[in-house]
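Participant: Generate coordinates for the sequence data below:
(2 chains)
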Amino acid sequence: MSRLSSLTDHALDRAGIRDPFARRAVPPLVIAGLVTLIAWVLGVPPHPTAVIVLAIAYILYLLPRTVRRIALPLTVLTVAVIYPIVWADELNGKNRLFEFPLLGDPPSMDTMVAIVLFAIMAIGLNMVVGYAGLLDLGYVAFYAIGAYTVAWLASPHFSYPDLLGNPGIDINFGAVGVPPGVGGIHISIWLILGIAAIVTAVCGVLIGLPTLRLRGDYLAIVTLGFGEIIHQAALNGDADGISSLLDKKTSFNLTNGAFGINPVDPPGFGSWLSDHLGLPADFILEQGSYVNFVSLAYWSAIGLLLITAFSSIRLRDSRLGRAWIAIREDEIAAAAMGVPLMRTKTWAYAGGAFFGGIAGAWYGSFKQGVFPDDFLFNFSVFILCMVILGGMGNVWGAIAGAAMLTYLDKQGLSQIAEWFNGKDFGVFACDPITADPSKAISAGCLNAPLLATGIYGSILVLAMLFRPQGLIPEQRRKLEFETGVHDEPLMDVRHAPEE
Amino acid sequence: MPAIGLTLVAIVLAWLTKNLVDDWSLFFRVFLIGLTNGSLYALVALGYTLVYGILELINFAHGDVFMIGGMIAATIALTLFNLQETSGLDTLIPAIFVALLVAMAGCALLNATVERIAYKPLRRAPRLIPLITAIGMSFILQDIALIWKGSQPIAMPATPRLSGSIFTLGTCPNCVVYTWNRLLPVVITIPVLIALVYLVRYTRRGKAMRATAQDKDAAAMMGIDVNRTISFAFVIAGALAGAAGVLFAFYFQTIRYDSGFTIGLIAFTAAVLGGIGNLPGAVLGALLIGFIQAFNEGLSWHAPGPGWSQSIVFAILIIILVFRPQGLLGEQTPEGG
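Facilitator: Residues are numbered from 1 along each chain as shown, chains lettered A, B, ... in the order given. Below you'll find the predicted structure:
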């Protein structure tokens, strides 16, 4: 890149162009012209989407730095908000804007909802890992707790009378779309989001308090263990599992075991907001081609993401956030400057868990079901990958990482594999009849779901080897990597005075 | 604080005594299972603790190296020796011997390669970075197993000669039977531990390892080849993981691409429990976890059962770390002394 820019600099000097704006504007145009020329020679027509995206990128690039700081997020937000309309047209075949040569279809609306919710989780984890520098390998626990909160508070789960004949619970508080005669607890989703966030934050504090005294690696293994405990509790929380735990016959069914809790109430604004503001009462009843269940859930999720990103940035610049960063840089120095280590770290856990709970609750409601096998260790690593790949400590990085990895996970990898399997590479020609579905690669066919973990593994290793600061590094971290200041504590933290 | 800890220990002891009095044969059967599993975990845990002691790195890929070792063993036994249920000792003993040799060599090489690719270029990076590449390598190794063997478990034949009894206590069905395949991990783990302790404490190489662990720069100035010493630790750890993989394949008779993750997690927990970097501590922690799991799954009076095993292991880990953050026998790392 630097070689290219020096080349263009040289050419501009010889052409006698001194105007800084022109100097900045010309090189991309030259590159674009060259690419177009090559494409024309090879007979590949320029793709409309590519042209539009590049044009927008070029305009953003030309804007002054101060304007760009606002314009870039706004552009991304605008595209994100109008995306359901583009997608609906895409489905109806009105405009085939997107036909990426390798990736195939653009992200579907389900993928987009997942992207937004995983971005919220990535921002939450970023508070713990990126700001406070505490390695959390059990973030999935907070996702699980959020999801189970919505499953308990907005489903017919507790309605069935148990074996002893105790009557079920029947509570309805502002919930939408509950058919008459269905018991159980049904509370408005907006209320549950708050409850889930607080419950998970409390859980974050509970796991944090006994363990934050431990050094980094111990903390990692304890959080990992916490994640496994939550997964196992979800898996064995049915009547049989609880009977076995207590060694006493009970019919109390907390999590419904491996089958999960299903159905969970879908989200909606409720009748009051519908009457007064005209907002849709129940998302699932909306059947329009632009305004429907998925797009409404998506727009609400974007709202949640904006709140999360805003709070995260404001928190980072607050007194607490600066204390987090101080702890990340040097615990001893921070403690010496009067930063209360335990309290600050506990707040980091609580903050990260808070947003994990919100995203988990919304995802449970969107999928209308909560299943224990969603809460595996791999998911914790998946979210951690987003944070690290995007750039630790940077909210925008976390969002970018979430968008890329979620798209790859939900659609991209299988589409690439499909494209690959459809091509005939001679030796590697895919023969779907003889292919073994239990193997990752067999008879020349790629099995995307099985290959996925290895591909994430490779992404992690390659990213750490070649760009350890992430795609969009935080300014402070970037400097550290460039000047070689490493944040290893000088001495053992455990000998530091406790508050 | 100590009072709470002692109370907890007393409750566990009371629970064990009650179970022992209720049904002594069940108790001892379960005890032997715990001893075997614990020895198996110990072999893996030693590898974790060896690497942590020298590099302060949780080698997440270690469990998967172990899994690859098990797969190598299964392949050799099934294809090279055509092992079947009826196979006698004349096939079994060479099969185990060759599998051990190949798996140990293969895993030593694999572990050294992992170190070379994923950890060596990151010696000067912040501590979090090699930890993440370790997780990445773990995923890559799992995927290699998926490409090689697929997602179905590989079944080994149950050979009656290997599960033949050594001695029997009491009259069946109320009896305790000790079998050869149960003995195997125990008789391998104890000498390995002694050899490792000897290696680290009393040999020149061991001295180099301890020096490297304390201060890499100073060690290099004293003429120690730091990179070779670290590679050596990875080779030893890989060989141990390979041996454990062979024992696992022959004892549990099934191995799958994700076996390494579960066992690796347990083994690492064991290493932390005993005090990371501490070789006897790793064995103690592993035996303890083996017993906890076996008692939890096997005993009849107020045992939560197999569904909760992992949770109980981790809950105990958390409780122990709260009371003794340095592990049971104390950690032996440059920072911890």
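
Participant: B:Tyr52: which element?
Facilitator: Using DSSP states H and E, B:Tyr52 maps to helix B:24-55.

Participant: which element follows that helix toward the C-terminus?
Facilitator: Scanning onward from helix B:24-55 (DSSP H and E), the first element met is helix B:62-75.

Participant: ok, and does that following helix reach over to chain A?
Facilitator: No: using C-beta under 8 Å from any C-beta of the partner chain, we find that helix B:62-75 stays clear of chain A, coming within 10.0 Å at best. For the C-beta atoms, the positions are set from N, CA and C on the backbone; glycine is no exception.

Participant: and the helix or strand following that helix, anywhere near chain A?
Facilitator: Once the chain leaves helix B:62-75, the next helix or strand it forms, by DSSP H and E, is helix B:89-114. No: under the criterion of C-beta under 8 Å from any C-beta, helix B:89-114 makes no contact with chain A; the nearest approach is 9.9 Å.

Participant: where does the stretch 151-300 of chain B come near chain A, residue by residue?
Facilitator: Residues of the stretch 151-300 of chain B lying near chain A (C-beta under 8 Å from any C-beta): B:Ser151, B:Gln152, B:Phe261, B:Leu265, B:Phe268, B:Thr269, B:Val272, B:Ile276.

Participant: host element of the last one?
Facilitator: Going back to what we said before, that points to B:Ile276. With elements delineated by DSSP H and E, B:Ile276 resides in a region that no helix or strand encompasses.

Participant: got the contact list for it?
Facilitator: Shown in contact with B:Ile276 (C-beta atoms under 8 Å, 6 or more residues apart in numbering or on different chains): A:Asp217, B:Tyr48, B:Thr49, B:Tyr52, B:Gly53, B:Gly327, B:Glu331, B:Gln332, B:Thr333.

Participant: Quick check: the farthest pair among the residues of the stretch 151-300 of chain B next to chain A?
Facilitator: B:Gln152 and B:Ile276 (35.0 Å; C-beta to C-beta).

Participant: Centroid-nearest residue for chain B?
Facilitator: Nearest residue to the geometric centre of chain B (C-alpha atoms, centre = their mean): B:Val44, 2.4 Å.

Participant: Distance of the residue nearest to that one when sequence neighbours are not counted relative to chain A?
Facilitator: Nearest residue to B:Val44 in three dimensions, chain neighbours excluded: B:Ala267, at 3.6 Å (C-beta to C-beta, 6 or more residues apart in numbering or on different chains). Distance from B:Ala267 to chain A, counting by C-beta to the nearest C-beta, to the nearest Å: 11 Å.

Participant: Is B:Ala267 located within a helix, as I assumed?
Facilitator: Yes: B:Ala267: assigned to a helix according to DSSP: H, G, I helix; E, B strand; the rest coil.

Participant: how deep is the nearest residue in space to B:Ser87 that is not next to it in sequence tucked in, by neighbour count?
Facilitator: Distances taken as C-beta to C-beta, 6+ apart place B:Thr159 nearest to B:Ser87, at 5.7 Å, with adjacent residues excluded. The number of residues packed near B:Thr159 is 23, by other C-beta atoms under 10 Å in any protein chain shown.
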